[in-house]
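Trainee: take this sequence and fold it.
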Amino acid sequence: MPRTGARNVLHVAWTDHRIRRQPETASAPPPADPGGDLTPIFSPGATKRDEAMANYQALLEGDRSRESLAWEQLSALRDSLGNDKDALDALGNMSAERGDREQAEHAFRRALELSPSDLTALSNLGTLLAKEGKLKEAQALLRKAFDRNQDIPGLAMNLARVQCMDGDGAAARSTLTTALSYCPNDAEMRGLLTQMGNCGVGKAK
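Mentor: As a prediction, the model looks like this:
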């Protein structure tokens with residue numbers, strides 16, 4: 001069974017679009033001040049794109065104060081990112097967080113044209129489409145991502161939810177059981193598997 005060990009891939013959450021890799025805690029509020037611009041030291045020829053992605057990376061690593069600047073920089077570069085998969089993923093994620101699903105979908109679809117197996121675009125576009133009720137396409141995208149990354153709990157849970165919404169309880173339970181073989185102590189996945197007991201009962205396949 002495929003396994004990537006990927007733990008830090010950004011995903012659009014099922015319940016919201018907040019960008020974070022670690023849960024927020026009351027004892028660790030985000031800094032109120034950006035603390036100054038990031039300045040290239042070893043790369044004096046850094047482009048505006050490089051600066052935007054540096055701020056985005058800082059955001060992924062937990063510096064929420066970089067969010068507005070990263071968004072401003074990526075938005076300004078939007079029309080020049082047509083062949084830049086990583087920047088398109090970043091733009092898609094930040095657009096989704098701000099509720100601009102049309103721009104997010106466009107960015108993710110373009111990223112997939114450049115790299116059909118891109119995990120971020122597959123999983124996040126799949127989740128966005130599911131929220132729009134486009135379950136068949138959403139399931140196909142999430143399934144493709146999951147087949148290569150069965151050890152990522154968030155991806156497994158999103159796929160299982162979409163499968164359940166589509167009335168296929170057996171598939172949903174199989175997805176979670178597979179993922180639990182990699183993460184047997186994941187309480188959230190185990191809880192979701194329990195909830196899937198009645199998924200699909202009485203629904204037409």
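Trainee: give me the pLDDT for the residue lying closest to Asp118 once chain neighbours are set aside.
Mentor: The shortest distance from Asp118 to any residue other than its chain neighbours is 5.3 Å, reached at Ala111 (Cβ to Cβ, 6 or more residues apart in numbering). Every residue, glycine included, has its C-beta placed from N, CA and C. At Ala111, the model reports a pLDDT of 96.
Trainee: burial of Ala111, as a residue count?
Mentor: Residues near Ala111, counting by other Cβ atoms under 10 Å, number 26.
Trainee: give me the element it is part of.
Mentor: Ala111 belongs to helix 101-114 when assigned by DSSP states H and E.
Trainee: could you list the low-pLDDT ranges of this structure?
Mentor: 1-45, 200-205 (pLDDT under 70).
Trainee: repeat the analysis, applying 50 as the threshold.
Mentor: 1-34, 42, 204-205 (pLDDT under 50).
Trainee: test my guess that Leu135 contacts Met165.
Mentor: Yes - at 5.8 Å, Leu135 and Met165 qualify as touching, with contact defined as Cβ atoms under 8 Å.
Trainee: quick one, what contacts Asp84?
Mentor: By Cβ atoms under 8 Å, 6 or more residues apart in numbering, the residues touching Asp84 are Arg49.
Trainee: what about the helices in the chain?
Mentor: Taking DSSP state H as the criterion, the chain contains helices spanning 48-60, 67-76, 85-97, 101-114, 119-131, 135-148, 153-165, 169-180, 187-195.
Trainee: what about Met53, how many neighbours?
Mentor: 20.
Trainee: swap in the one 10 residues further on?
Mentor: Per other Cβ under 10 Å, the neighbour tally for Asp63 reads 17.
Trainee: give me phi/psi at it?
Mentor: phi -90, psi 90 (degrees, to the nearest 10).
Trainee: relative to Tyr56, how far out is it?
Mentor: Counting by Cβ to Cβ, to the nearest Å, the gap from Asp63 to Tyr56 is 10 Å.
Trainee: same thing with Ser181?
Mentor: 33 Å.
Trainee: still on that earlier bit, thinking the residue nearest to Asp118 is in contact with Ala121, fair?
Mentor: Yes - in this structure Ala111 lies within contact range of Ala121 using Cβ under 8 Å: 4.0 Å.
Trainee: next, show the common contact partners of the two.
Mentor: With Cβ under 8 Å, 6+ apart, Ala111 and Ala121 have common neighbours Lys85, Leu88, Asp89, Gly92.
Trainee: burial of the second one, as a residue count?
Mentor: Other residues within reach of Leu88, judged by other Cβ under 10 Å, total 27.
Trainee: give me the nearest residue to it, chain neighbours excluded.
Mentor: Closest to Leu88 by Cβ to Cβ, 6+ apart is Ala111, at 4.2 Å.
Trainee: contact partners for the one you found?
Mentor: Taking Cβ under 8 Å, 6+ apart, one finds Lys85, Leu88, Asp89, Gly92, Asp118, Thr120, Ala121 in contact with Ala111.
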